[in-house]
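Asks: next input, structure requested:
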Amino acid sequence: MINLLPPDLKEQIRFAKMNQMALRYLRVIIGVAIVIGVIFAGALYLVRQQAGSAVSSAASSQQTINSLNSTVIPEAQDAANRLTAIQYVQSTQTHFSQVIANLAGVLPQGVSIDSLTLNGDAKLPVNMAVTADTYDEALAVRNALATSPRIAYVDLEDISGSTSSNVTTYNVTVVIAFKAGEEQ
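Replies: Now for the predicted structure:
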């Protein structure tokens, strides 16, 4: 179709079409801006709500921690004090099994410990009764015990023999004094 309209009118029609297109784009841009604004406003609302709940949750958690600290810390301190006391007692008490193992380790072959009167007091001598198979082993008990690094002095108190079923054994009573600090 041929447009026989004057050029000013043609130009007006062209600008009218461009204005309509510009208005459509403007409406779309405004609509998108409104949608984005609503999204941002909703996100801001949710963030503020979560921040408020996080603050209240942190406050209640801190209150719970403070209440537990008032009960748990004294209990933990008491337990630590008890453990320290137990460690002190363990380090200062006599370990009888170690003393007996050390004494048995230096005794001659064929000699066995019958009794040992350990009392945990380093100042008092200790009586020990042993049984030996031969008289020479009974005499060697004193010298063997003197080689122990724990013992300060050893004295033989008594050696007595007893025969049973044609087997003679010798009962030896020994008095032992430990070196300072070695009775444990």
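Asks: grab the most central residue of the protein for me.
Replies: Centroid-nearest residue in the chain: Ala80, 12.0 Å away (criterion: CA atoms, centre = their mean).
Asks: the lowest-mean-pLDDT helix or strand in the chain: which residues count as buried?
Replies: Using mean pLDDT, DSSP states H and E, helix 96-106 stands out as the lowest-scoring helix or strand of the chain, at a mean of 77. For helix 96-106, the neighbour count (16 or more other CB atoms under 10 Å) marks Val99, Leu103, Val106 as buried. C-beta: built from backbone N, CA, C; applies to glycine.
Asks: rewinding a little: three-state assignment of the residue nearest to the centre of the chain?
Replies: helix (DSSP: H, G, I helix; E, B strand; the rest coil).
Asks: tell me the spacing between it and Arg27.
Replies: 75 Å (CB to CB, to the nearest Å).
Asks: can you list the weak-confidence ranges in the protein?
Replies: 1, 92-96, 118-122, 181-184 (pLDDT under 70).
Asks: in which helix or strand does Ala16 reside?
Replies: Following DSSP states H and E, the helix or strand that holds Ala16 is helix 7-92.
Asks: so how far is that helix off the chain centroid?
Replies: 38 Å (CA atoms, centre = their mean, to the nearest Å).
Asks: tell me the domain boundaries of the chain?
Replies: Following automatic domain parsing, the chain resolves into domains at 1-92, 96-178.
Asks: tell me the most buried of those?
Replies: Here the criterion is mean neighbour count by mean count of other CB atoms under 10 Å, and of the domains of the chain the winner is domain 96-178, at a mean of 15.
Asks: run the chain-centre distance for it.
Replies: How far domain 96-178 lies from its chain's middle: 43 Å, per CA atoms, centre = their mean.
Asks: can you check stretch 3-20 too?
Replies: 90 Å.
Asks: Asn143 - that's part of a helix, no?
Replies: Yes - applying three-state DSSP, one finds Asn143 inside a helix.
Asks: quick one: it from Asp155, how far?
Replies: Taken as CB to CB, the span from Asn143 to Asp155 is 12 Å.
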